[in-house]
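A.B. asks: Turn this into a structure:
(one chain, ligands or ions: 1)
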Amino acid sequence: MANERQKRPMLKMALAGSFISSIGAQTAFAQGVPGFPLPTIHTQQAYAPDADFTSRWTRADAMQIKAHSNPSVAAGQNSLPGQLVMPDIPEDFPLINPDVWVWDTWTLIDKHANQFSYNGWEVIFSLTADPNAGYSFDERHVHARIGFFYRRAGIPADKRPANGGWIYGGHIIPEGAQEQVFAGTTYTITAEWSGSMRLLDPNGNQVSLFYTDMAFNRNAAGQDITPAQAVITQSLGQIHADFNHVWFTGFTTHTPLLRPDGVLYQNGAQNPFYNFRDPFTFEDPNHPGVNYMVFEGNTAGQLGVPNCTDADLGYRPGDPNAETLQQVLDSGAYYQKATIGLAVAEDASLSKWTFLPPLISANCVNDQTERPQVYIRKDKYYIFTISHRSTYAPGVDGPDGVYGFVGNGIRSDFQPMNYGSGLVMGNPTDLNTPAGTAFAPNPLQNPRAFQSYSHYVMPGGLVESFIDRVEDRRGGTLSPTVRLRIRSDMSMVDLRYGNGGLGGYGDIPANRADINIAGFIQDLITQNMQVSQGTTGSVTSFVNAAQ
Ligand SMILES: OC[C@H]1O[C@@](CO)(OC[C@@]2(O[C@H]3O[C@H](CO)[C@@H](O)[C@H](O)[C@H]3O)O[C@H](CO)[C@@H](O)[C@@H]2O)[C@@H](O)[C@@H]1O
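C.D. replies: Numbering: from 1, shown residues only. Predicted coordinates:
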């Protein structure tokens, strides 16, 4: 009789079948390729938020990506199964704004990741850089500033301009407010990396920016001479809106929250190229008042120490196709050690945080699990994260795109979604052709293998991202929004959404409205004051203007 572990794949197949037939005629999942190992089937842990259990995205799991892709497509085509691939973005995509490069983008959210409009305006936040400043698109990261865009809420995508109709509002952190003090040392924030913005009270205008402050050390010529120091940071501000526009105040002080400790999360002394960034906070609906943060990290320990284990490989006992631990270590895979980090807030103002052990590790699998987010649906806790083909360890492979893991609570044995592989939606990629990088893609690779990145899953399964490279055209603008259908541990790209699966460019709708009438009236008065002061500089004219 089949035991529980053996039954799981059959159950998954059955679920997949009913899921696929329930949403229409989309391509069925490709069958596994003979010779590729089945993953170890995880046993679900009981929900235990205080436990120190770290789930693993194993090599056996990640092997399923290739096992479920097509080994015989023509070179340069897409070998991923259709339901896990983002449709082709046309090369003639519109720009959100020709004067600003835009990449990682997030929305105004409350503690449960609902997306709020503010007094009739939708608002988004993006990493931005100046395309006219003399550096290349790939050099933009060290110049990143958090900017914001806004547009009127409630207008259907097909009634908006092709580029989404977003109005650029400028930088969030004002000029001259780039000083940060950490552990008694004052330094200058040289780049602002991702990234989330939380509306603290859905009836007010206080907002908390959680972001990664990056301090790149530069020589006199302005060249970077050492890797950056990353500090996960909070900065508080206020959102304002009148009839004509949206603006922000505050963000002049920065509260350092977390720097990697070298015990749970790798630090700069252990690896100068450590990954530590991209905070996303949420309140656990099963534990009201308890706030967590997920972030991108690496497993602590000195770079280059070959200490992955059989548990990181994850093969079933007796698997005839399993790699040996020695083979994996000999390949150098131990240089890749991503984690999804976790911290818990110690105070209601979210200004003090304590590290907890990682939620998921990807030791000997991948070095970067970026922009993690927690997405709760029907009592399931999903962790979505983005990763690159270029950051996979030797011997495992997958596309640039979004990956997902599902559990029953914050501490779970998170299951990689979609046949245990973890892949949720990749760029069209030929996994039979060796990878290039975003800087120098393999010319035989699918020309859209780097079309989009930095996917963020929004309420209703909508996914926004930015365009990186389509054919030979670079992006720096918002991608068409796509929609995922998510059922249990399966997902698929909904090809009935928009035009063949592609919705509007930068279609990032709010699903909640913050109507702050008192704040709105105050903002109207304040605007009058500013206008009047600009003209006469007197408070009398403000009183007159407000009457
Ligand atoms: O700009 C930094 C923020 O961007 C994130 C996620 O998008 O990190 C991306 C990362 O760069 C890679 O992604 C690029 C696509 O945008 C790609 O062109 C490049 O080849 C990749 O290196 O940025 C750092 C620095 O380059 C790299 O380690 C990341 O993978 C996010 O995590 C950052 O907050």
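A.B. asks: end-to-end on stretch 146-166?
C.D. replies: Chord length of stretch 146-166, first to last residue, is 15 Å (C-alpha to C-alpha, to the nearest Å).
A.B. asks: again with stretch 164-182
C.D. replies: Distance between the two ends of stretch 164-182: 39 Å, counting by C-alpha to C-alpha.
A.B. asks: Likewise for stretch 423-431?
C.D. replies: End-to-end distance for stretch 423-431, by C-alpha to C-alpha: 13 Å.
A.B. asks: where does it sit relative to the chain's centre, distance-wise?
C.D. replies: With C-alpha atoms, centre = their mean, to the nearest Å as the basis, stretch 423-431 stands 16 Å off its chain's centre.
A.B. asks: before we move on, what about stretch 337-346?
C.D. replies: Centroid separation between stretch 337-346 and its chain, computed with C-alpha atoms, centre = their mean, is 14 Å.
A.B. asks: Quick check: buried residues in that stretch?
C.D. replies: Of the residues in stretch 337-346, 337, 338, 339, 340, 341, 342, 343, 344, 345 count as buried by neighbour count, 16 or more other C-beta atoms under 10 Å. Yep, even glycine has a C-beta here, placed from its N, CA and C like the rest.
A.B. asks: Run through the bridge partners of the fifth one.
C.D. replies: The one in question is residue 341. residue 295 (DSSP bridges).
A.B. asks: Check whether it really touches residue 300, as I assumed.
C.D. replies: No. Assessed by C-beta atoms under 8 Å, residue 341 is found out of contact with residue 300, at 10.5 Å.
A.B. asks: which neighbours do the two share?
C.D. replies: Jointly contacting residue 341 and residue 300 under the rule C-beta atoms under 8 Å, 6 or more residues apart in numbering are 264, 265.
A.B. asks: quick one: secondary structure of whichever residue of the stretch 101-250 of the chain sits closest to the ligand?
C.D. replies: When scored by C-beta to the nearest ligand atom, the stretch 101-250 of the chain has residue 193 as its residue closest to the ligand, at 3.3 Å. Using DSSP: H, G, I helix; E, B strand; the rest coil, the structure places residue 193 in strand.
A.B. asks: likewise the one 4 residues further on?
C.D. replies: For residue 197, the secondary structure call by three-state DSSP comes out as strand.
A.B. asks: Look up how far residue 304 lies from it.
C.D. replies: 37 Å (C-beta to C-beta, to the nearest Å).
A.B. asks: now the helices: where do they sit in the stretch 201-350 of the chain?
C.D. replies: In the stretch 201-350 of the chain, the segments counted as helices under DSSP state H, counting those that start in this stretch are 310-313, 325-330.
A.B. asks: Compare the ones you listed and report which one is nearest to residue 501.
C.D. replies: Closest approach to residue 501 among the helices of the stretch 201-350 of the chain (C-beta to C-beta): helix 310-313, 34.8 Å.
A.B. asks: Extract the C-alpha set from that closest one and format it as PDB.
C.D. replies: C-alpha atoms of helix 310-313 as PDB (Å, rounded to 0.1, in the frame of the first residue of the first chain):
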ATOM      1  CA  ASP A 310      22.100  15.800   2.800                       C
ATOM      2  CA  ALA A 311      19.000  17.700   4.100                       C
ATOM      3  CA  ASP A 312      19.800  20.500   1.700                       C
ATOM      4  CA  LEU A 313      20.000  18.000  -1.200                       C
END
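A.B. asks: Give me the residues contacting that helix.
C.D. replies: Contacts for helix 310-313 (C-beta under 8 Å, 6+ apart): 56, 58, 59, 60, 322, 323, 325, 328, 361, 363, 364, 365.
A.B. asks: if you set the cut-off to 6 Å instead, what comes out?
C.D. replies: Residues outside helix 310-313 that contact it (C-beta atoms under 6 Å, 6 or more residues apart in numbering): 59, 325, 363, 364.
A.B. asks: And the last one, what's its pLDDT?
C.D. replies: Going back to what we said before, that points to residue 364. Per-residue pLDDT puts residue 364 at 98.
A.B. asks: before we move on, what about the first one?
C.D. replies: Per-residue confidence at residue 59 stands at 96 (pLDDT).
A.B. asks: Please name the residues that touch it.
C.D. replies: Contact partners of residue 59, counting by C-beta under 6 Å, 6+ apart, are 313, 365, 396.
A.B. asks: so where is this protein shaky, pLDDT-wise?
C.D. replies: Applying pLDDT under 70 to the chain flags the ranges 1-36, 41, 43-50, 217-226, 438, 529-547.
A.B. asks: I'd like to know which residues of it are adjacent to the ligand.
C.D. replies: Applying C-beta under 6 Å from any ligand atom, we find that the chain lies next to the ligand at 103-104, 127, 138, 141, 144, 193-194, 212, 277-278, 296, 368, 370-371, 388, 437-439, 453-454, 468.
A.B. asks: Need the single longest strand in the chain, by residues.
C.D. replies: As assigned by DSSP state E, the longest strand anywhere in the chain is strand 224-241.
A.B. asks: strands paired with that one, and their directions?
C.D. replies: With DSSP bridges as the test, strand 224-241 is paired with strand 206-218 (antiparallel), strand 246-250 (antiparallel), strand 255-258 (antiparallel).
A.B. asks: about what we covered before: give me whichever of the helices of the stretch 201-350 of the chain is most buried.
C.D. replies: helix 310-313 (a mean of 19; mean count of other C-beta atoms under 10 Å).
A.B. asks: Centre of the chain to that helix, how far?
C.D. replies: Relative to the chain's own centre, helix 310-313 is displaced by 26 Å; criterion: C-alpha atoms, centre = their mean.
A.B. asks: What of stretch 333-352?
C.D. replies: Centroid separation for stretch 333-352 versus its chain: 14 Å, with C-alpha atoms, centre = their mean.
A.B. asks: I'd like to check what contacts it. Which residues are they?
C.D. replies: Under the contact criterion C-beta under 6 Å, 6+ apart, stretch 333-352 has outside partners 234, 255, 265, 291-295, 297-299, 306, 308, 353-356, 358-364, 366-369, 372, 383, 393-394.
A.B. asks: Can you list which of the residues you listed are found in strands?
C.D. replies: Within the contacts of stretch 333-352, residues falling in strands by DSSP E are 234, 255, 291-295, 297-298, 353-356, 358-363, 372, 383.
A.B. asks: Buried subset of the residues you listed, written for PyMOL?
C.D. replies: Per 16+ other C-beta under 10 Å, the buried members of these correspond to this PyMOL selection:
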select buried, resi 234+255+291+292+293+294+295+297+298+353+355+356+358+359+360+361+362+363+372+383
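A.B. asks: can you pull up the bridge partners for whichever residue of the stretch 251-400 of the chain sits closest to the ligand?
C.D. replies: Closest to the ligand within the stretch 251-400 of the chain is residue 370: 3.8 Å, counting by C-beta to the nearest ligand atom. Here residue 370 sits in beta bridges with residue 386, as judged by DSSP bridges.
A.B. asks: No more questions from me, cheers.
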